[in-house]
Each structure stands twice: as C-alpha cells, then as structure tokens.
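K.L.:
Return atomic coordinates for the entry below.
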Amino acid sequence: MPREIRLQIEPDNCRACYPCLASDVCKVHAIVRIDADEPPFIDFERCYDCRLCIPACPFGALQIARDLRFSVKIIS
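P.N.:
The predicted structure is shown next:
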C-alpha cells in the first residue's frame, strides 16, 4: 500500500548545524548530509514519517508540508 510522507526541510530555517540534532534522533538515518556547509536532505526511501526530527531541530527547519506538491508518495 502506498504511503505519503509530507515532511520537508525548510531551507530558510536550516542553519546546517553540525551536529544536526534532527539527524541524531532519526532512527533510520533518513536525514542525510552530503556537504558540511549545505543543509541536509530527507531520504524518503528510509523515512517512515515518525516525525521525531521535527521537535529535535531548535530552528524549526523540519516541517510538515502544507502543500501537497511537496509530499512524496512511496510505493513499496
């Protein structure tokens, strides 16, 4: 059954902190950083939408997408 994930990283709020507190609480390592100076991204193949990362970020960078264009439908 497809599942829809509506989580997004708001780039204006993300400070690209090191260590990223939201990434630290992610049990499946779905918040991935490629470059230390850039904001991380969400690996939607790993993310199961538990939303533990949302309160972990002190800057409110992780949010639930209000616009359905930013949601991702995962078909397993």
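K.L.:
give me the low-pLDDT residue ranges for this structure?
P.N.:
1-3, 5, 67-76 (pLDDT under 70).
K.L.:
Strands along that one, start to end?
P.N.:
For the chain, the strands defined by DSSP state E cover 3-5, 7-9, 31-32, 41-42, 62-64, 72-74.
K.L.:
what's the distance between the residue nearest the centre of the chain and Tyr48?
P.N.:
Residue closest to the average C-alpha location in the chain (CA atoms, centre = their mean): Ile42, at 4.3 Å. Remark: distance between Ile42 and Tyr48 (CB to CB, to the nearest Å) = 11 Å. In this view, the C-beta of every residue, glycine as well, is placed from N, C-alpha and C.
K.L.:
tell me, what's touching those two both at once?
P.N.:
Residues touching both Ile42 and Tyr48 (CB atoms under 8 Å, 6 or more residues apart in numbering): Ala30.
K.L.:
for the closest residue to Ile54 other than its chain neighbours, what are its contacts?
P.N.:
Closest residue in space to Ile54, ignoring its immediate chain neighbours: Leu62 at 4.8 Å, by CB to CB, 6 or more residues apart in numbering. Contacts here follow CB under 8 Å, 6+ apart; on that basis Leu62 touches Leu7, Gln8, Ile9, Glu10, Ala22, Cys53, Ile54, Ala56.
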